[in-house]
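K.L.:
Requesting a structural model of the entry that follows:
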Amino acid sequence: MTTFFICLVVLVAAYFIYGAVLDRIAGIDAKADVPSKTMYDGVDYIPLPRWRIFLIQLLNIAGTGPIFGAILGACYGPVAFLWITLGGIFMGAMHDYLSGVISLRNGGRSLPEIIGKYLGGGMRKFSLVMIPILMVLVGGVFIVTPSKILTSMTDIPYLWWVGIVIAYYLIATIMPVDKIIGKIYPLFGAALIFMAVAMLGIVVFGDYEFPELTSIGNMHYNSEALPIIPTLFISIACGAISGFHATQSPLMARCMTNEKQSRPIFFGAMISESIIALIWAAVAMAFFGGVEGLNSWMQSNGNDAGLAVSTISVTTLGTFGSILALLGVVAAPITSGDTAFRSARLIVADMLKYDQRPVVNRLIVSVPLFAIGIGIAFIDFDVIWRYFAWSNQALAVVTLWMITSWLMHRGSKLSFIALLPAIFMTYICSSFVFVSNQFVGMGACNLAYVYGGAATAIIAGLMMVLIKRGMRNGRKI
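P.N.:
Residues are numbered from 1 along each chain as shown. You can find the predicted model right below:
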């Protein structure tokens, strides 16, 4: 249990220490104008209380990610604690904080717009294709997953649940942010925190043993087909670093009332998510009798992390656990789905410079997006979904390079705080292409890692060219 509690303390301390460092690097100004005041529209630009924005942001970026991903990552053993802790602080929290601040200072503009501003028009066009596709894919998948679970729990046919979920998504996407999201999401966000704390209490005070990271020999338990590098860093995204987060931050940047809220909302929500992921990784290892026991159970049950959540919750907490499991496998995906569609709407509207105050304009943008999402709900998307995890981390790579550019444009001597994570995640995504059967399929051989390194060097070189070109052109920050 020592490893777990050390990581927990480090995460909490990081909020106060590293968070304060980032405040100074970003030059947080409590007197600066914010979009909710200068661009108020009563739909997306609406001031909300800080506590409410924090809980909405936490739920937006979390969903099932810090639960399901943490359980899958825990199959590698206590080394997952290190990635959640160090990745969550120096990559994820920094990524979320600075990308959120950049959006805040650019009128709450969506991610493709700020990527284009700091990495050039070519990257903007690439992002305008890549990011909406990812958002609609997330929304489409989270039409299917909750609908299937609700069908198995009730006598209501699957198509009815699909219709109900889609109807809710459409309403939540076009309604002003303070009407549904602003009222319901804080409750679910608080429940997500309570769920993690309840599970932690059960295993800490129950007859369970937490695996310890005591030597190289017990750092991971894996096979050659799923080597720890790079698979662990793809499996645990939410909880460590996730590109999806940067697509959600502009939604809340449009509701903030002061720049000083950046640390609790962006940095604090990510640290909270890392803590939730840390708890679920520990709970999974402890409940199933260690790393080998967890791997054995997962392999016997189709690697179904949702079933693992349900089994753990119901076994330890009974009926109350069933309610928590329902939150984890149904409510959380639904909340991720509707904000994914909302984010896609804002991205398209920003691209077209299309006024979103009239409801008919929101419908004109949203209906085609939902048509695609509905199509996904009726096809076998398992193969496509396997690529989402990699695509999500690839988006984090682009965002990290954008943050690096922003820091360098500001003349910061500490731009390495984003540059080093950008290089690291570029290597993770590049090597995954060569190692994984989803792409080239070379396996964990030396040549695959060499190719990954070569690809990283080429990408890093191209990104630095784009950054330097922007600086020579005097692109404003």
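K.L.:
in stretch 370-377, what's buried?
P.N.:
Within stretch 370-377, the residues scored as buried using 16 or more other CB atoms under 10 Å are 370, 373-374, 376-377. No exception for glycine: its C-beta is placed from N, CA and C like everyone else's.
K.L.:
if you look at these, which of them are in helices?
P.N.:
Secondary structure from DSSP state H places 370, 373-374, 376 of those in helices.
K.L.:
got those as CSV, with distance to His409 and pLDDT columns?
P.N.:
CSV is the format used below for these (distance: CB to CB, whole Å; pLDDT from 0 to 100):
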residue, distance to His409, pLDDT
Phe370, 38, 89
Gly373, 36, 81
Ile374, 41, 81
Ile376, 38, 74
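K.L.:
low-scoring pLDDT stretches of the stretch 301-450 of the chain, where are they?
P.N.:
Scanning the stretch 301-450 of the chain for pLDDT under 70 picks out the ranges 325, 328-329, 377, 380-386.
K.L.:
That one: helices as residue ranges?
P.N.:
For the stretch 301-450 of the chain, the helices defined by DSSP state H, counting those that start in this stretch occupy 305-326, 332-352, 359-376, 382-386, 388-409, 416-435, 446-472.
K.L.:
so which of those helices gets nearest Tyr169?
P.N.:
helix 332-352 (4.7 Å; CB to CB).
K.L.:
before we move on, the earlier item: any chance of the ones in helices among the buried residues of stretch 370-377 in CSV, with distance to Ser412 too?
P.N.:
Below are those laid out as CSV (distance: CB to CB, whole Å):
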residue, distance to Ser412
Phe370, 41
Gly373, 40
Ile374, 45
Ile376, 41
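K.L.:
Can you tell me which of the residues you listed is nearest Glu273?
P.N.:
Using CB to CB, these come closest to Glu273 at Gly373, 24.7 Å.
K.L.:
how near is that closest one to Val367?
P.N.:
11 Å (CB to CB, to the nearest Å).
K.L.:
Next: Gly293.
P.N.:
Gly293 is 48 Å from Val367, where distance means CB to CB.
K.L.:
do Tyr208 as well
P.N.:
Using CB to CB, we find Tyr208 at a distance of 50 Å from Val367.
K.L.:
the more surrounded of these two?
P.N.:
Tyr208 (17 against 11; other CB atoms under 10 Å).
K.L.:
Grab the longest helix from the chain for me.
P.N.:
Per DSSP H, the chain has its longest helix at helix 121-153.
K.L.:
For it, name the packing helices and strands.
P.N.:
helix 111-119, helix 158-174, helix 243-253, helix 332-352, helix 359-376, helix 382-386, helix 388-409 (3 or more CB pairs under 8 Å, 6 or more residues apart in numbering; DSSP states H and E).
K.L.:
With distance to Ile234 added, can I get the ones you listed in JSON lines?
P.N.:
Listed next are the helices and strands packed on helix 121-153 as JSON lines, based on distance: least, CB to CB, whole Å:
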{"stretch": "helix 111-119", "distance to Ile234": "20"}
{"stretch": "helix 158-174", "distance to Ile234": "27"}
{"stretch": "helix 243-253", "distance to Ile234": "12"}
{"stretch": "helix 332-352", "distance to Ile234": "18"}
{"stretch": "helix 359-376", "distance to Ile234": "22"}
{"stretch": "helix 382-386", "distance to Ile234": "11"}
{"stretch": "helix 388-409", "distance to Ile234": "5"}
